[in-house]
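Engineer: Turn this into a model:
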Amino acid sequence: MSFFLELQKNIASTPVEKCIINYIINHPNEVIEMTMEDLARETYTSRSTISRFCKKNGYDGFNSLKIQLAIELNMFLKDEVSVNTSLPFDKGDDSLTIVDKIISQIHTRS
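Structural biologist: Numbers count the residues shown, from 1 in each chain. Sure thing, here's the model as predicted:
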């Protein structure tokens, strides 16, 4: 199961653990670069709370959690879908313009 799904599965945790989970989900790139002290400071917890959280979620420690998080993020980057540049979109197009262009493409193909 994916790292993020595992964390979300534990959303019924304590309020402190929910705070840590939410921070990790909302700031995954930052967490990879953080120390345990940094995450504790950002979540208004302590190093021991972060350590217990990691162990409760099946990791040997904070570094183990960060490694798994990095692996998961790397998998997401590899799975990103490339943009088909043959589509009639321009960089500055707003949502309405994009929808209009899609509809017009559908009509021309029909």
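Engineer: use CA for all of it now, contacts and neighbours both
Structural biologist: Will do.
Engineer: domain ranges for this protein?
Structural biologist: Residue ranges for the structural domains of the chain, counted by automatic domain parsing, are given in the record as 3-79, 83-110.
Engineer: ranking these by burial, who's on top?
Structural biologist: Burial of the domains of the chain is given as mean neighbour count (mean count of other Cα atoms under 10 Å); domain 3-79 ranks first at a mean of 15.
Engineer: what's the spacing between it and its chain's center?
Structural biologist: Here domain 3-79 is found 11 Å from its chain centre; the criterion is Cα atoms, centre = their mean, to the nearest Å.
Engineer: returning to what we had before: kindly present the domains of the chain as a markdown table, with separate columns for mean pLDDT.
Structural biologist: Written out in a markdown table, the entries for those read as follows (pLDDT from 0 to 100):
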| stretch | mean pLDDT |
| --- | --- |
| domain 3-79 | 88 |
| domain 83-110 | 68 |
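Engineer: got the CA coordinates for stretch 53-73 in PDB?
Structural biologist: Listed next in PDB are the C-alpha coordinates belonging to stretch 53-73 (Å, rounded to 0.1, in the frame of the first residue of the first chain):
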ATOM      1  CA  PHE A  53       4.800   8.100  15.600                       C
ATOM      2  CA  CYS A  54       7.400   6.600  13.200                       C
ATOM      3  CA  LYS A  55       7.600   3.400  15.100                       C
ATOM      4  CA  LYS A  56       3.800   3.100  15.500                       C
ATOM      5  CA  ASN A  57       3.500   3.400  11.700                       C
ATOM      6  CA  GLY A  58       6.000   0.600  11.100                       C
ATOM      7  CA  TYR A  59       9.200   2.500  10.600                       C
ATOM      8  CA  ASP A  60      12.500   2.000  12.400                       C
ATOM      9  CA  GLY A  61      12.800   5.700  12.900                       C
ATOM     10  CA  PHE A  62      12.400   9.100  11.300                       C
ATOM     11  CA  ASN A  63      15.100   8.500   8.700                       C
ATOM     12  CA  SER A  64      13.300   5.300   7.600                       C
ATOM     13  CA  LEU A  65      10.000   7.200   7.200                       C
ATOM     14  CA  LYS A  66      11.800   9.900   5.100                       C
ATOM     15  CA  ILE A  67      13.300   7.300   2.900                       C
ATOM     16  CA  GLN A  68       9.900   5.700   2.300                       C
ATOM     17  CA  LEU A  69       8.400   9.100   1.600                       C
ATOM     18  CA  ALA A  70      11.200   9.900  -0.900                       C
ATOM     19  CA  ILE A  71      10.700   6.600  -2.700                       C
ATOM     20  CA  GLU A  72       6.900   7.300  -2.900                       C
ATOM     21  CA  LEU A  73       7.400  10.800  -4.200                       C
END
